[in-house]
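J.: No sequence on hand, only this structure:
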C-alpha cells in the first residue's frame with residue numbers, strides 16, 4: 001500500500017508530531033526522534049558509523065515550531081525550536097516515516113512478522129527434516145548457502161547430507177557461513193571413544209545439553225560432522241530438542257518455575273588444564289532470557 005499523510009500537527013506541549021495517514025492510522029513521533037533521524041543530506045553521512053550532527057550539543061528539550069505537509073501527503077517538513085543548524089528543516093518521505101512508525105500496533109505487527117520461533121514450533125511428526133546437499137553448497141553457494149541459513153533460522157538446525165568422510169570437511173562448510181570461532185578446545189574437537197576422561201569420549205548417553213555455556217556468549221552455530229567408518233558400527237545417534245518450545249510449554253504449565261529460570265542465574269564452568277588450550281572458565285547467567293516484549297530470546 002502506498003501511504004500518504006492526510007494531516008500533521010504538534011501535540012503534547014509541542015514535544016510530539018501527530019500524523020494521520022490515508023488508512024486512518026495515527027502515529028506520534030517525538031521531536032527528538034524526528035530531529036536526530038532526519039534524512040536530509042546535512043544530517044545523513046555517506047559513511048555509516050559517522051555523525052554529521054552533534055547530538056549532545058542540542059538542548060534537552062526540543063519543541064515543534066512549524067509542521068507542513070507537501071507533495072499531496074508525500075512529504076512532511078518540520079521546524080523545531082532549539083535547532084543548531086541555521087535554516088535547517090527536518091524532512092521525511094511518507095513511505096519511510098510510516099515504515100518506521102513505533103506505535104504499539106506497528107511494533108506488535110513487526111514483532112509478529114519476525115517471530116520465526118513461535119511460528120515454526122511444530123511437532124517432529126509434522127515436520128519435514130530440513131536438509132541440504134553438501135555438493136550443492138559447493139556448486140551454487142549463492143543460492144544454496146542462503147537456503148542453508150534460512151533453514152537454520154526457521155528450524156534451529158539443518159542436516160547437510162553426503163559430506164565426505166574426511167577431516168576438516170565440516171570446517172569447509174562452516175567457512176561458507178562466516179568466521180569460525182575458536183574455543184578452549186581449539187577450532188575442531190574430535191568426539192571418539194578414546195578412553196580419555198571426558199564426558200564425550202565414551203559410550204555413555206549424554207542428556208540434552210548446550211555446548212560451551214561457560215562462555216559469556218556461546219557459539220551461535222555448532223556443526224557436528226558424524227563419521228561412520230565401518231558398517232559394523234552401532235550407535236552414535238543424535239537427539240535434538242526445541243528449547244524454545246520447551247520454554248513456552250513450561251511458561252504455560254508452570255509460570256512460577258519459568259519466572260525463576262528467568263531471574264535466578266545458574267553457574268557454568270570449564271576447567272581444562274591438560275590440553276593445548278588450558279582454560280579456567282566460570283560464568284553465571286539465567287537459563288532463560290526474555291526480551292523487552294517477553295519473548296524468549298536465548299537459553300542455556
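T.: Looks like it arrived, so ask away. Note that this is a predicted model, so its numbers are computed, not measured.
J.: quick check: domain ranges of the chain?
T.: Taking automatic domain parsing as the criterion, the chain consists of the domains 5-112, 163-299.
J.: and the end-to-end length of the last one?
T.: So that's domain 163-299. The first and last residues of domain 163-299 sit 30 Å apart, counting by C-alpha to C-alpha, to the nearest Å.
J.: With stretch 225-239 instead?
T.: Using C-alpha to C-alpha, the distance between the terminal residues of stretch 225-239 is 14 Å.
J.: Distance from whichever helix or strand residue 150 is part of to the middle of the chain?
T.: In this assignment (DSSP states H and E), residue 150 forms part of helix 141-155. Chain-centre distance of helix 141-155: 15 Å, with C-alpha atoms, centre = their mean, to the nearest Å.
J.: what's the answer for stretch 24-39, then?
T.: Chain-centre distance of stretch 24-39: 25 Å, with C-alpha atoms, centre = their mean.
J.: what's next to it, contact-wise?
T.: Residues from elsewhere that reach stretch 24-39 (C-beta atoms under 8 Å, 6 or more residues apart in numbering): 11-12, 14-21, 44, 53, 55, 58, 62-64, 78, 80, 83, 88, 90-93, 96-98, 100-101, 103, 105-106. Heads up, the C-betas are built off the backbone N, CA and C, glycines and all.
J.: Spatially nearest residue to residue 98, not counting backbone neighbours?
T.: Sequence neighbours aside, residue 3 is the residue nearest to residue 98 in space, at 4.3 Å (criterion: C-beta to C-beta, 6 or more residues apart in numbering).
J.: related to what we said a few turns ago, any of the contacts of stretch 24-39 buried? List them.
T.: Among the contacts of stretch 24-39, those scoring as buried are 14, 16-17, 19-21, 53, 58, 62, 64, 78, 80, 83, 88, 90-92, 97-98, 101 (criterion: 16 or more other C-beta atoms under 10 Å).
J.: Strands of the stretch 101-250 of the chain, residue ranges please.
T.: Using DSSP state E, counting those that start in this stretch, the strands of the stretch 101-250 of the chain run over 131-133, 159-161.
J.: What average pLDDT does the helix or strand containing residue 268 get?
T.: Using DSSP H and E, residue 268 sits within strand 265-272. For strand 265-272, mean pLDDT is 86.
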